[in-house]
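Undergrad: Mind looking at a prediction? Sequence and model below.
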Amino acid sequence: MRIVLIGLLVGMAAGLVGALCGVGGGILMVPAFVLVLGMGQKHAVATSLAIVVVTALAGTANHVLRDKSELIDWKLVAFTAVGAAVAAWYGTELMRNLSNQQLSRIFGVLLILVGVRMLMLKAA
């Protein structure tokens, strides 16, 4: 029951943040899975990637069904998706070769760098 409740709560938060900020939700899911559910970093990352597929499809479907697909640059989607898919394929190979501790540190540094950069950006 605990995993169901935590899964639903984390999923709702990740879906909301993903839809509002354009992130996959992994920035919330991975730490929650590691810290609250006690998953290893690799397990949390792999699980988060599988969930992101569903959240991305749901968010995109909502844009399309509500006639707001003009907000999506489909040409950019096509090219970026190819690059992202190739990089993700090889990235998962790299991830499996890193220790949970190395992966946690990389993830933490990335969150800090992105957060600092976003705080320093001027509003457009």
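TA: Everything's here; your move.

Undergrad: could you pull out the helices for the protein?
TA: Using DSSP state H, the helices of the chain run over 2-21, 26-35, 41-65, 74-97, 100-120.

Undergrad: List the buried residues for the fourth one?
TA: This points to helix 74-97. Buried residues in helix 74-97, defined by neighbour count with 16 or more other CB atoms under 10 Å: Met95. For glycine as for every other residue, the C-beta is placed from the backbone atoms N, C-alpha and C.

Undergrad: what's near enough to touch Val17?
TA: Taking CB atoms under 8 Å, 6 or more residues apart in numbering, we find Val17 in contact with Val23, Gly25, Ile27, Leu28.

Undergrad: export those to TSV and tack on pLDDT?
TA: Below are the contacts of Val17 laid out as TSV (pLDDT from 0 to 100):
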residue	pLDDT
Val23	73
Gly25	81
Ile27	85
Leu28	86
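
Undergrad: and the residues you listed, which are buried?
TA: Buried among those by 16+ other CB under 10 Å: Gly25, Ile27, Leu28.

Undergrad: got CSV for the residues you listed, with distance to Leu113 too?
TA: Putting the buried ones among the contacts of Val17 into CSV (distance: CB to CB, whole Å) gives the following:
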residue, distance to Leu113
Gly25, 19
Ile27, 12
Leu28, 17
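
Undergrad: which of those residues lies closest to Leu103?
TA: Leu103 lies nearest to Ile27 out of those, by CB to CB, at 14.4 Å.

Undergrad: thinking again about what came up before, please identify the most buried of the helices of the chain.
TA: Highest mean neighbour count of these: helix 26-35, a mean of 20 (counted as mean count of other CB atoms under 10 Å).

Undergrad: sorry, back to before: go through the helices of the chain and find the least confident stretch.
TA: Mean pLDDT is lowest for helix 2-21 among the helices of the chain, at a mean of 85.

Undergrad: So what angle separates the directions of that helix and helix 41-65?
TA: 50 degrees (axes from the mean of the first three to the mean of the last three CA atoms, to 10 degrees).

Undergrad: With just CA atoms, put helix 2-21 into PDB.
TA: What follows is helix 2-21, C-alpha atoms only, in PDB (Å, rounded to 0.1, in the frame of the first residue of the first chain):
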ATOM      1  CA  ARG A   2       2.900   2.400   0.800                       C
ATOM      2  CA  ILE A   3       4.400   2.100  -2.700                       C
ATOM      3  CA  VAL A   4       0.900   2.800  -4.200                       C
ATOM      4  CA  LEU A   5       0.400   5.900  -2.200                       C
ATOM      5  CA  ILE A   6       4.000   7.200  -2.600                       C
ATOM      6  CA  GLY A   7       3.800   6.300  -6.300                       C
ATOM      7  CA  LEU A   8       0.600   8.200  -6.800                       C
ATOM      8  CA  LEU A   9       1.800  11.300  -4.900                       C
ATOM      9  CA  VAL A  10       5.200  11.400  -6.600                       C
ATOM     10  CA  GLY A  11       3.500  10.800 -10.000                       C
ATOM     11  CA  MET A  12       1.100  13.700  -9.500                       C
ATOM     12  CA  ALA A  13       3.900  16.100  -8.400                       C
ATOM     13  CA  ALA A  14       6.100  15.000 -11.300                       C
ATOM     14  CA  GLY A  15       3.400  15.200 -13.800                       C
ATOM     15  CA  LEU A  16       2.400  18.700 -12.700                       C
ATOM     16  CA  VAL A  17       6.000  20.000 -12.600                       C
ATOM     17  CA  GLY A  18       6.700  18.300 -15.900                       C
ATOM     18  CA  ALA A  19       3.700  19.900 -17.600                       C
ATOM     19  CA  LEU A  20       4.500  23.400 -16.100                       C
ATOM     20  CA  CYS A  21       8.200  23.400 -16.600                       C
END
